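Peer 1: would you be able to build a 3D model of this:
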Amino acid sequence: MPRFYTCSVEIPDPATLATQLKALAAEAGFQRFGISGVDLGEDEAHLRDWLAQGLNGSMEWMARHGDKRSRPPELVPGTVRVLSVGMDYGRDADEAWANLRAGERAYVARYALGRDYHKLMRQRLQRLADRIAAEIGPFGHRVFVDSAPVLERALARNAGLGWIGKHTCLIDKDGGSWFFLGEIYLDLPLPVDAPAGNHCGTCRRCIDVCPTQAITAPYRLDARRCISYLTIEHEGAIDPELRPLIGNRIFGCDDCQLVCPWNKFAKRSDEPDFRGRNDLDRATLVQLFAWTEEEFMQRSEGSAIRRSGYQRWLRNIAVALGNAPTSAEVLAALQSRRDIEDPVVREHVEWALARHHA
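Peer 2: Below is the predicted model of the structure:
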């Protein structure tokens, strides 16, 4: 973990340095960037209320660090500014919709089709911090890419990268929502950028399209009903009432972003690390259900899908097979796992078979 230094040299004019810092961010491969302060009072109140209602489900880590998530100087002493950056990963929305309509195929969230973005972005952010240090000398900083209690969307909004939409994702009016976020906490007193305004208006497409109605109100997401949470974070059995609504989504869900009208401005990315791997953008459920644990570990190396773990991977595919069109191939795949040792996977396999026999 990078050490937090104390600035030991006189920095250039803050406005000049901010401009230079953004130019270096662009050179590092980030398509969007901005600087914010560290006051997140309103967002802290929203987070506290969300946690108090238990909408985080089993994600206890959301509350584990108290208010450090919304108070950058408490997480990293000396922080006075945050540089937020975004990296595009946009893909073809028509291709995604076609995959969702093909019930025999698996749907994996677009962000997870390629290599896990965390390592790539973290390396680029650290190189960016090193470039800054080479220009001005040692300075206080710490790099984050979804790696610590950070309210990244609120910070990015305050830095002008976009607004938080009704589905709780960040939206840029010039680039939609298909981009990753990262941050560098800074001890440099730089001028801040203007926060992004909200442009959702009366639109509620993301609320209406959610398969499980997890967006219970504008800007309010109940993780316990969210397919991304259920297929990635949630351990154990999935609520039987929600299983039919999951469809063929085996890792994450993009529906709320796919219907967002602002994503017509999303930038397609040809970053090699984000290109699809293991044919996850066209594989069938039967093909993926046949992976052994060794094969899963080998194929998921460097991929976000490893986060689910092998048992949850099988559990999710069993649910999707239960929702797939009935065929001899689907039934044979489910029968092949009927005696699996894991009781959770076995329960979902039996549920899926019962769906087809019914």
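Peer 1: so how far is S36 from A26?
Peer 2: 18 Å (CB to CB, to the nearest Å). For the C-beta atoms, the positions are set from N, CA and C on the backbone; glycine is no exception.
Peer 1: between these two, tell me which one has more neighbours.
Peer 2: S36 (25 against 12; other CB atoms under 10 Å).
Peer 1: which ones are touching the more buried one?
Peer 2: R81, V82, S84, L155, A156, N158, A159, G160, V192, D193, P195 (CB atoms under 8 Å, 6 or more residues apart in numbering).
Peer 1: in this structure the third one contacts V38, no?
Peer 2: No - applying CB atoms under 8 Å as the test, S84 and V38 come out as separate, 11.9 Å apart.
Peer 1: sorry, back to before: in helices, which of the contacts of S36 appear?
Peer 2: L155, A156, N158 (DSSP state H).
Peer 1: from the contact counts, what lies against whichever helix in the chain runs longest?
Peer 2: With secondary structure taken from DSSP H, the chain has its longest helix at helix 117-136. If you count contacts as 3 or more CB pairs under 8 Å, 6 or more residues apart in numbering; DSSP states H and E, helix 117-136 packs onto helix 14-27, strand 81-88, strand 141-144, strand 179-186.
Peer 1: that one to strand 179-186, inter-axis angle?
Peer 2: 40 degrees (axes from the mean of the first three to the mean of the last three CA atoms, to 10 degrees).
Peer 1: for the element among helices and strands of the chain having the smallest mean pLDDT, which helices and strands make contact with it?
Peer 2: Within the chain, no helix or strand scores below helix 61-64, which has a mean of 88 by mean pLDDT, DSSP states H and E. Helices and strands touching helix 61-64, by 3+ CB pairs under 8 Å, 6+ apart, are helix 41-52.
Peer 1: that older thread, in the longest helix of the chain, which residues are buried?
Peer 2: Neighbour counts over helix 117-136 (16 or more other CB atoms under 10 Å) mark Y117, L120, M121, R122, R124, L125, Q126, L128, A129, I132, I136 as buried.
Peer 1: next one: stretch 87-106
Peer 2: 87-91, 93, 96, 99-100, 102, 104-106.
Peer 1: returning to what we had before: tell me the mean pLDDT for the helix or strand just after the least confident helix or strand of the chain?
Peer 2: Note on helix 61-64: by DSSP states H and E, the next helix or strand toward the C-terminus is helix 72-75. For helix 72-75, mean pLDDT is 96.
Peer 1: for helix 72-75, the distance to its chain's centre please.
Peer 2: Computed by CA atoms, centre = their mean, to the nearest Å, the chain-centroid distance of helix 72-75 equals 23 Å.
Peer 1: and for stretch 112-129?
Peer 2: 13 Å.
Peer 1: please save the CA atoms from that stretch in CSV.
Peer 2: What follows is stretch 112-129, C-alpha atoms only, in CSV (Å, rounded to 0.1, in the frame of the first residue of the first chain):
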residue,chain,number,x,y,z
ALA,A,112,-16.8,-8.3,-16.4
LEU,A,113,-16.4,-9.7,-19.9
GLY,A,114,-12.7,-8.9,-20.1
ARG,A,115,-9.8,-8.6,-17.6
ASP,A,116,-10.6,-7.3,-14.2
TYR,A,117,-10.3,-3.5,-14.4
HIS,A,118,-9.0,-2.9,-10.9
LYS,A,119,-5.4,-3.9,-11.5
LEU,A,120,-5.1,-2.0,-14.8
MET,A,121,-6.5,1.2,-13.4
ARG,A,122,-4.6,1.0,-10.2
GLN,A,123,-1.3,0.6,-12.1
ARG,A,124,-2.1,3.6,-14.3
LEU,A,125,-3.1,5.7,-11.3
GLN,A,126,0.1,4.9,-9.5
ARG,A,127,2.1,5.7,-12.6
LEU,A,128,0.2,9.0,-12.7
ALA,A,129,1.1,9.7,-9.1
